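K.L.:
model the following, please.
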Amino acid sequence: MTVAARRLPSSVWVTGLTVGAVAVVAALAVKAEQGPQPHATAAKPKASASAKPSGKPSQAAEVAVPDESGTGRRVVYSLGQKRVWLVDASEQSRRTFVVWPGSVSPEPGRYTVGQRDEARTGSDGVPIEHVMFFATGSGLSIAFSNAVDGASPRPAPGVRTGGIRMSKADGTALWAFGDTGTAVTVVK
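P.N.:
Alright, predicted model coming up:
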């Protein structure tokens with residue numbers, strides 16, 4: 001006696017595959033959440049025991065703009081310090097902050113901001129905002145940006161990215177400071 005084979009309808013297969021995919025994504029999200037997560041750090045002001053108030057913050061609290069970074073209003077990016085300075089026309093640093101570079105870095109030199117995008121998806125798939133393109137390297141566009149959710153994960157192994165990420169507050173400050181044509185100096 002022969003028993004006829006029963007076929008499952010395609011909707012059952014699609015539902016099963018979808019449930020499986022959602023379960024895998026959820027498991028990976030939980031695992032990623034438990035991994036290391038870099039955070040921006042800022043020097044906190046310290047109380048001074050001096051009887052005379054000082055007009056400037058202490059030298060230890062300041063991070064000097066690198067020598068030979070040019071003159072005039074500009075963005076300065078130090079590859080070695082992984083730091084950016086926003087320098088105004090009077091040569092005063094208006095803001096400095098730590099950044100998280102991608103896997104591809106620009107060569108030291110002078111550049112200008114060539115394009116700005118308010119929001120887009122980064123080459124690593126992360127939604128980003130305040131994107132300011134200024135260079136290319138290894139066939140990739142290199143840009144400053146911040147993740148919409150404020151996260152700055154390390155690039156995935158083997159993935160080439162040209163994004164230089166920063167905190168959301170620093171991304172907003174850079175966006176307000178630099179327009180298309182703004183000078184960018186990259187130093188070692």
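K.L.:
residue ranges with poor pLDDT in the protein?
P.N.:
1-5, 24-61, 153, 155-156 (pLDDT under 70).
K.L.:
as a check, name the ranges of all helices in this protein.
P.N.:
10-33, 168-177 (DSSP state H).
K.L.:
pull up the distance across stretch 132-143, start to finish.
P.N.:
One end of stretch 132-143 sits 5 Å from the other (Cα to Cα, to the nearest Å).
K.L.:
report the beta-bridge partners for the residue nearest to the spatial centre of the chain.
P.N.:
Central residue of the chain (Cα atoms, centre = their mean): residue 165, 0.7 Å from the mean position. Beta bridges link residue 165 to residue 100, residue 145, judged by DSSP bridges.
K.L.:
for residue 176, see how far away the residue nearest to residue 97 when sequence neighbours are not counted is.
P.N.:
Excluding the flanking residues, the one nearest residue 97 by Cβ to Cβ, 6 or more residues apart in numbering is residue 170, at 4.2 Å. Backbone N, C-alpha and C define where each C-beta goes, glycine included. Look at residue 170 and residue 176: by Cβ to Cβ, to the nearest Å, they are 11 Å apart.
K.L.:
can you pull the contacts of residue 79?
P.N.:
101, 105, 108, 186-188 (Cβ atoms under 8 Å, 6 or more residues apart in numbering).
K.L.:
now it: how far from residue 154?
P.N.:
16 Å.
K.L.:
with residue 163 instead?
P.N.:
12 Å.
K.L.:
tell me the contacts of the residue nearest to the centre of the chain?
P.N.:
Contacts for residue 165 were tallied using Cβ under 8 Å, 6+ apart; they are 99-102, 128, 145-147, 152.
K.L.:
now neighbour count and distance to residue 114 too, for the residues you listed, in TSV please.
P.N.:
Converted to TSV, the contacts of residue 165 look like this (neighbours: other Cβ atoms under 10 Å; distance: Cβ to Cβ, whole Å):
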residue	neighbour count	distance to residue 114
99	24	19
100	19	22
101	17	19
102	23	18
128	22	17
145	26	14
146	26	19
147	21	22
152	21	23
